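Colleague: here is my input; please provide its structure:
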Amino acid sequence: MSGLRPQSSRLGLLNALLLLLLVGSLFFCSWINNKAMIRGYELSRLRIEEKNLLEEQDKLQAELATLLRPQNLARLAHELGLKEPQPGQKVVLP
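Modeller: From the prediction side, this is the model:
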């Protein structure tokens, strides 16, 4: 009977190691799944932020185009008190 003990204790140790490996694998898979979900939520948030920023960029470009129209520039210059230069005030650079 003493001859069976070492083999059964080896099986018990092997079973314990396999159980530990299984539990470790389950924790690892849960951790990976959790990280993937967190990254997914972050990606969704960043996509929404990108969409909002692109919309804001479009609005700002439209506003810039409106402000740079010659009619608006002339009106703004008049509001700021700017006048057309006199003939002797113009300098043409080569």
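
Colleague: assign a three-state SS to A16, would you?
Modeller: The three-state label given to A16 by DSSP: H, G, I helix; E, B strand; the rest coil is helix.

Colleague: for E56, grab the count of nearby residues.
Modeller: 10 (other C-beta atoms under 10 Å). From N, CA and C alone the C-beta is placed, and that goes for glycine too.

Colleague: tell me the helix or strand right after whichever strand or helix holds E55.
Modeller: Assigned by DSSP states H and E, E55 belongs to helix 4-67. Counting by DSSP H and E, the next helix or strand C-terminal to helix 4-67 is helix 70-79.

Colleague: report the rounded mean pLDDT for that following helix.
Modeller: What helix 70-79 shows for mean pLDDT is 88.

Colleague: show me where pLDDT drops low in the chain?
Modeller: 1-6 (pLDDT under 70).

Colleague: try it again with 50
Modeller: Residue ranges of the chain with pLDDT under 50: 1.

Colleague: spatially central, which residue of it would that be?
Modeller: The centroid of the chain falls nearest to L46 when counting by C-alpha atoms, centre = their mean (4.1 Å).

Colleague: how close does that one get to A62?
Modeller: 25 Å (C-beta to C-beta, to the nearest Å).
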